[in-house]
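K.L.:
Build me a structure from this.
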Amino acid sequence: MKVQSNEVREPVGDDWVDLLALDETGADTPDGTGWKKKDGKWTSALVVGGASQFGLPLTTNGGYDLEAELTFDRGQGSFEFHLPLAGRSVGFGFGEYFPAAIAGLSLVNGKEMNSNENPTRTTHEEVKVGQRFKIAITVRIKGDQVEFSGTVDGIEPIHWTGPLTQMSRHKNWIVPIDQIGVATWQSQYTLHKLRFKKIEGKAEIIKRLPLVEVREPVGVDWIDLLTLNEKWSDTPSGAGWRKKDGKWTSIIVPNRQSMVRIPLAATGGYDLEAEITNDEGERGAFGFGLPIGKEYIGFGMNLGGNLAGLSWINGKTLGTDENPTRTPHDPFKIGQRIKIVVSVRVKGDQADISATVDGIKPIRWSGSISALSHEWHEWATDRFVLGTAASQYTVHALRFKKVDGKAEIIKNGG
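P.N.:
This is a model prediction of the structure:
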């Protein structure tokens, strides 16, 4: 989980910087599918059908050298660096199989590494489990031009020179564009060494200091949750949501959920209203994480493209007929705008939950709060959560009204 913190940036001098020795609290690592640090080394997670990405706590906008040593532990063998390029970025990787092993930059003139039109496309021998690689990368920025060279043990050196405008990154990169990053695809690698040397321009180390949480009581008026300071929200780095023009938009993350924790907590009764659009992913789900007294439950829709309801009830998910709120519906269409109204009432150890969603039969459940449980894991607190799976949604409206009990806006120093 991303640490809520004040961000401090420390200028980098001309000496080599050991990136593996930097404080990991400044790193930008997606929850669950990121990298883990142990004994001074970073190891990626093996994500079946997906990527494990890691943004190191260093930004740069000029020229630099990068050196690495890493070992292929298991999986397919795909490894890639995220390289900032003066406001742009590009990937440099190897071990991509199409079906032969490919190395190169991605994207060049919009062409991926496996394209014959990509001038850096370089075939190489299959990557072996246990194989250790030494890698050296140089980036030089000269006006609107970039010079790149990269060497990887056992692979022909790769060089490219041309306009910065011909460089771009693949849409699956979720590391901030100005940060050095690494990623694996269906593979596990261990980084033994990773060091950076600034040559020109500006480079900074990111440090994050913990914040003191402040809670502000909520009255009985409607609150526009989209106007709350996004710095107070809690989003898995890179794998969460992005706020733009007053709206929250999720990102598609292969084989995992995209979540944002809204900075409002409630332990009593409330009403929640939302308007959303399904942007991409017809069978992708949208859901809320709802605090219910001292418990928590997910309310999802378009699960598998045709199911809505509360999950879990008496340990039963929406995938089973034993869940009394399981409600089939027509799939959401791309571009469809959907209005949602949720009502929660808490009376002692009992709860009454009702929800209406455009195009879906109204859903209602009443019973003991102890029957409710969840699959939101560490996200299950007294705060609201937005979540999507295999899809992109935009939230155009999201407002909250306290009916009884306690509700608080959570300010994390933003």
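K.L.:
ok, longest strand in this structure?
P.N.:
Scanning the chain for the longest strand, with DSSP state E as the assignment, gives strand 64-85.
K.L.:
Just the buried residues of it, please?
P.N.:
64-73, 75-85 (16 or more other C-beta atoms under 10 Å). Backbone N, C-alpha and C define where each C-beta goes, glycine included.
K.L.:
roughly how far is it from the heart of the chain?
P.N.:
Distance of strand 64-85 from its chain centroid, counting by C-alpha atoms, centre = their mean, to the nearest Å, is 20 Å.
K.L.:
Name whatever forms a beta bridge with residue 132.
P.N.:
Taking DSSP bridges as the rule, residue 132 bridges to residue 71.
K.L.:
which residue ranges form the strands in the stretch 151-300 of the chain?
P.N.:
Remark: strands assigned in the stretch 151-300 of the chain by DSSP state E, counting those that start in this stretch are 155-163, 179-198, 203-210, 214-217, 223-224, 241-244, 247-250, 257-266, 270-280, 285-292, 295-303.
K.L.:
By mean pLDDT, show me the worst of these.
P.N.:
Here the lowest mean pLDDT among the strands of the stretch 151-300 of the chain goes to strand 241-244, at a mean of 80.
K.L.:
low pLDDT regions in the stretch 51-200 of the chain?
P.N.:
By pLDDT under 70, the stretch 51-200 of the chain has no low-scoring segment.
K.L.:
my guess is residue 53 meets residue 176, correct?
P.N.:
No: taking contacts as C-beta atoms under 8 Å, residue 53 lies outside contact range of residue 176: 10.8 Å.
K.L.:
between the two, which one's more packed in?
P.N.:
Neighbours were counted for residue 53 and for residue 176 using other C-beta atoms under 10 Å; residue 53 has more, 29 against 17.
K.L.:
Find the helix or strand that that one is a member of.
P.N.:
When secondary structure is defined by DSSP states H and E, residue 53 falls within strand 51-60.
K.L.:
So which other helices or strands are in contact with that strand?
P.N.:
Judged by 3 or more C-beta pairs under 8 Å, 6 or more residues apart in numbering; DSSP states H and E, strand 51-60 is in contact with strand 41-44, strand 64-85, strand 179-198, strand 203-210.
K.L.:
again, 6 Å this time
P.N.:
If contacts are counted by 3 or more C-beta pairs under 6 Å, 6 or more residues apart in numbering; DSSP states H and E, strand 51-60 sits against strand 179-198, strand 203-210.
K.L.:
Give me the contact list for stretch 41-51.
P.N.:
Residues outside stretch 41-51 that contact it (C-beta atoms under 6 Å, 6 or more residues apart in numbering) are 33, 35-36, 52, 75, 183-185, 188-192, 254-255.
K.L.:
Sorry, slip of the keys, the one I care about is stretch 128-146.
P.N.:
Here stretch 128-146 makes contact (C-beta under 6 Å, 6+ apart) with 62-72, 74, 85-86, 147-153, 163-164.
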